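# when you get a sec, could you give me coordinates for this:
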Amino acid sequence: MADVSLLPPDEARERILEDVLPLRAERLPLPEALGRVLATDTHALLTLPPWDNSAMDGFAVRSAEVAMASADTPVRLAVIGEVAAGHEPSVGVEPGTAVRVLTGAMIPAGADAIVAVESTDAPEGVADLPDAVGVHEAVKAGRHIRVAGGDIRQGDLLLAAGTRVSPAAVAALAAAGHAHVDVHRQPRVAVIATGDELVPIGEPLGPASIPDSNSESISAQVVAAGAEPVRLGIAIDDPDAVRERLLEGILAADVLVATGGVSVGAHDWVKEIFEEVGTLDLWRVAIQPGKPLAYGSAARPDGGHCILFGLPGNPVSSFVTFELFVRPVLRRLRGEPGDQGRPIVRALLAEPVRKSAGRRAFVRVRLSSQVDEVGRYRASLAGPQGSHVLSALASADGLAVIPEGVASLAAESEVEVIRLDVEVA
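Okay, the predicted model is just below:
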């Protein structure tokens, strides 16, 4: 029987995102904006191309003069000059003449077409300027000419607000004259792990201790989501220690993510201290793994606020709940849509799966490299599905979504799979 105190995951995500707005804009030099999200519509400062130019290495000609050219009846033209990229033409094309041009060079006056060097008897590659050239291919007016403004004109919209600055976007922005752009500030995320059993990685382990993998995993997920982690280490299972670390994170970051201490154990202090230092807006979501999810906010002295997340201590649960709930918040703060930014594909289960009734399960799977005739993958379990089994998580490239209303699915059942190995802007 379903636990009615559990919040449906879709409702939880809607409530979490309800008041999340993109962070303020900042102006950055273009090289520093890579990966950020444009805060304003960005218009071209220059016309592209700025002038007619050659798309090929070859010869600028009058198309009418080579209209009858062929391999059997080449048209011979006197070569009266050359234009390379970055130089203005010193001569124009007159009747019976041609000008050698290199790719990107301005089109000399009088020419209306380019004959590729391969369609002439001129040598390819590095060569002296010939006195004449035989053209053995007819070309029409406009052939191999990039027209001024053929890409974009000054003042036209180049990239819309909300566009992630990719390497290709950097190329377009630079070509259109932008040395600086306005982008949303990168979210800062305080990362805290709680638990007496945790030891920073690389330090000696005691008989009852384990490495703090959660801090490493969550920090890596923060970076992968386009945000900046503020690593605040480990808080022991003591209310004063947890309170001190949470207050430090609230002052330091836009979002705070604490792992552990959010369930119903005798030493689970995070949820209670959320209510003490701020508000607790929801707790316990109908998902598997990751039921004990805490979410709230806390005011800062500067008038801002910090979004609070308390994730389960089990490493798989913390990974999944970050993916489902924290990642969309970071995307929205960055200026992107408030979703996971992951493609969802259809797949057939390779084996049966079971789950808790009334909770939506996110099963760690590996997808086949090929799809069937209707575009479905085959999803195999990546390993045991316990919330402590990191080996299966590390092997998975997707989360198969098993709906709340079923307790099991047979092999060959069709499911949705959230791809973990692919991101969409």
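
# rest of the way, CA atoms for contacts and neighbours
Fine.

# just the CA trace of the helix or strand containing S219, in PDB.
Secondary structure from DSSP states H and E places S219 in helix 213-224. Taking Å, rounded to 0.1, in the frame of the first residue of the first chain, the C-alpha atoms of helix 213-224 are listed here in PDB:
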ATOM      1  CA  SER A 213      32.500   9.400  -1.600                       C
ATOM      2  CA  ASN A 214      29.400  11.600  -1.400                       C
ATOM      3  CA  SER A 215      31.400  14.800  -1.300                       C
ATOM      4  CA  GLU A 216      33.300  13.700  -4.300                       C
ATOM      5  CA  SER A 217      30.300  12.500  -6.200                       C
ATOM      6  CA  ILE A 218      28.100  15.500  -5.500                       C
ATOM      7  CA  SER A 219      31.000  18.000  -6.300                       C
ATOM      8  CA  ALA A 220      31.500  16.200  -9.600                       C
ATOM      9  CA  GLN A 221      27.800  16.400 -10.400                       C
ATOM     10  CA  VAL A 222      27.800  20.100  -9.600                       C
ATOM     11  CA  VAL A 223      30.700  20.700 -12.000                       C
ATOM     12  CA  ALA A 224      28.900  18.600 -14.700                       C
END
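
# check which element follows it along the chain.
Assigned by DSSP H and E, the successor of helix 213-224 is strand 228-235.

# what lines up beside that next one in the sheet?
strand 188-194 (parallel) (DSSP bridges).

# kindly format the C-alpha coordinates of the strand it pairs with as PDB.
The C-alpha trace of strand 188-194 is given here as PDB (Å, rounded to 0.1, in the frame of the first residue of the first chain):
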ATOM      1  CA  ARG A 188      27.800  28.300  -6.300                       C
ATOM      2  CA  VAL A 189      26.900  25.100  -4.500                       C
ATOM      3  CA  ALA A 190      28.000  24.300  -1.000                       C
ATOM      4  CA  VAL A 191      28.700  20.600  -0.600                       C
ATOM      5  CA  ILE A 192      28.600  19.000   2.900                       C
ATOM      6  CA  ALA A 193      28.600  15.400   3.900                       C
ATOM      7  CA  THR A 194      27.500  14.300   7.400                       C
END
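
# got the angle for that strand vs helix 213-224?
For strand 188-194 against helix 213-224, the angle by axes from the mean of the first three to the mean of the last three CA atoms, to 10 degrees is 170 degrees.

# and the protein, what are its domains?
With domains defined by automatic domain parsing, the chain comprises 9-23+186-334, 29-47+156-184, 53-146, 344-419.

# what does the helix holding S219 rub up against?
With CA atoms under 8 Å, 6 or more residues apart in numbering as the test, helix 213-224 has contacts from 189, 191-193, 201, 228-229, 231, 233, 259, 313, 315, 318-319, 322, 327.

# list the buried residues for that helix?
Of the residues in helix 213-224, 213-216, 218-219, 221-222 count as buried by neighbour count, 16 or more other CA atoms under 10 Å.

# least confident of the domains of the chain, on average?
Across these, domain 9-23+186-334 has the smallest mean pLDDT, namely a mean of 92.

# straight-line length of that one, end to end?
This stretch, domain 9-23+186-334, spans 23 Å end to end (CA to CA, to the nearest Å).

# likewise for stretch 303-317?
End residues of stretch 303-317 are separated by 33 Å (CA to CA).

# which positions in that stretch come out as buried?
Buried residues in stretch 303-317 (16+ other CA under 10 Å): 305-317.

# tell me which two in the contacts of helix 213-224 are the farthest apart.
Farthest-apart pair in the contacts of helix 213-224 is I201 and R327; separation 24.5 Å (CA to CA).
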